[in-house]
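**Q** Prediction below, plus the sequence it came from.
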Amino acid sequence: MKLNQLIAVLQSVKANASKSKTEVYQLCQKNTLFQGLSRTYQSREEDGFIYPPESQKLTLKADELVEKFVQSCSEFLDLAATQDYANTEAKATIAIDGQTIIADVPVSYLLFLEKQLQDMKTFIAALPVLSIDKDWQHDPNRSCYVTSPKETVKTKKITDFVVAYEATEHHPAQIKEVSKDVVEGIWSLIEFSGALPQDRVNLMIRRVDILQKAVIQAREAANSQEVQQRQVANAIFSYLFAK
């Protein structure tokens, strides 16, 4: 039997064992099934009244439940031991494009690593990325991304007086108060970002996908190894239920 075949049947064997153990346990609670009796009556007088005998059949014996319990558990114990022993022996190499990443990895760690890689992928996908509407350049001195300086005009309003109507021989000049915007200075804006370029995040996600596939292939290879059948149930129950 191969390890992957063992894994395929183990869950159903476990479910059947659990069901049978529950049934046996429930029978243990029914005390009346383990009790029986036989009662007869004998009169002291020769012609006295004879009462009919009474009897109660013994339905179950504890030894029978022990035997049924052993039958319920034995296959599951043996298969579980076979799997766990095999897991310590089944190993495979994680390789990408023929290059070994990790050699001789136990199958149990390959299963663990699959879950961890999925968590890593979730983390990478959540990393902040640079907005595409700006031209970013990496600044090694600041260890972050920066934009080129962008200049904008800073204006302010001032109040001035202008002659609305010139003075005449008969009327004085009319002065009008007006406001206007004048250039006060120049703003120079440089933006900083600790986010990552989208193409770098995409590359990391692709690498996780590639590594996940390599781990799955390694797990399948490890699970395809032949396993040695282990027999442990007999030793366990021989000790527990020896008379």
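**A** The structure has been received and is ready for your questions.

**Q** List phi and psi for Lys2.
**A** phi -90, psi 160 (degrees, to the nearest 10).

**Q** Pull the number of nearby residues for it.
**A** Neighbours of Lys2 under the rule other CB atoms under 10 Å: 14. Yep, even glycine has a C-beta here, placed from its N, CA and C like the rest.

**Q** Next: Lys121.
**A** 17.

**Q** What of Val107?
**A** For Val107, using other CB under 10 Å, the count is 25.

**Q** Use 74 as the first number for this chain going forward.
**A** Right, with 74 as the first residue, what we last looked at is Val180.

**Q** what about Val82, helix or strand, and which?
**A** Element membership of Val82 [criterion: DSSP states H and E] is helix 76-101.

**Q** Centre of the chain to that helix, how far?
**A** From the chain centre to the centre of helix 76-101 is a distance of 25 Å (CA atoms, centre = their mean, to the nearest Å).

**Q** What segments of the chain are strands?
**A** Using DSSP state E, the strands of the chain run over 110-112, 127-129, 164-169, 172-179, 209-212, 217-220, 223-238, 247-262, 265-266.

**Q** which helices and strands does the helix holding Val82 pack with?
**A** With contacts taken as 3 or more CB pairs under 8 Å, 6 or more residues apart in numbering; DSSP states H and E, helix 76-101 sits against helix 135-162, helix 271-296.

**Q** tell me the pLDDT at the residue located most distally from the centre of the chain?
**A** In the chain, the greatest distance from the average C-alpha position (CA atoms, centre = their mean) is reached by Glu242, at 95.8 Å. Looking at Glu242, its pLDDT stands at 76.

**Q** cool, and the one 4 residues further on?
**A** Taken from the predicted model, the pLDDT recorded for Ala246 is 76.

**Q** hang on, it packs against Val235?
**A** No: using CB atoms under 8 Å, Ala246 is not in contact with Val235; the gap is 10.6 Å.

**Q** ok so, going back, quick one: the strands of the chain as JSON lines, columns for distance to Leu200 and mean neighbour count too.
**A** Shown next, in JSON lines, are the strands of the chain (distance: least, CB to CB, whole Å; neighbours: other CB atoms under 10 Å):
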{"stretch": "strand 110-112", "distance to Leu200": "78", "mean neighbour count": "10"}
{"stretch": "strand 127-129", "distance to Leu200": "75", "mean neighbour count": "10"}
{"stretch": "strand 164-169", "distance to Leu200": "22", "mean neighbour count": "18"}
{"stretch": "strand 172-179", "distance to Leu200": "23", "mean neighbour count": "13"}
{"stretch": "strand 209-212", "distance to Leu200": "15", "mean neighbour count": "12"}
{"stretch": "strand 217-220", "distance to Leu200": "13", "mean neighbour count": "16"}
{"stretch": "strand 223-238", "distance to Leu200": "26", "mean neighbour count": "10"}
{"stretch": "strand 247-262", "distance to Leu200": "25", "mean neighbour count": "10"}
{"stretch": "strand 265-266", "distance to Leu200": "12", "mean neighbour count": "13"}
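
**Q** Save the ones you listed as a markdown table, and put in distance to Ser145 too.
**A** Formatted as a markdown table, the strands of the chain follow (distance: least, CB to CB, whole Å):
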| stretch | distance to Ser145 |
| --- | --- |
| strand 110-112 | 30 |
| strand 127-129 | 28 |
| strand 164-169 | 33 |
| strand 172-179 | 31 |
| strand 209-212 | 66 |
| strand 217-220 | 64 |
| strand 223-238 | 77 |
| strand 247-262 | 76 |
| strand 265-266 | 63 |
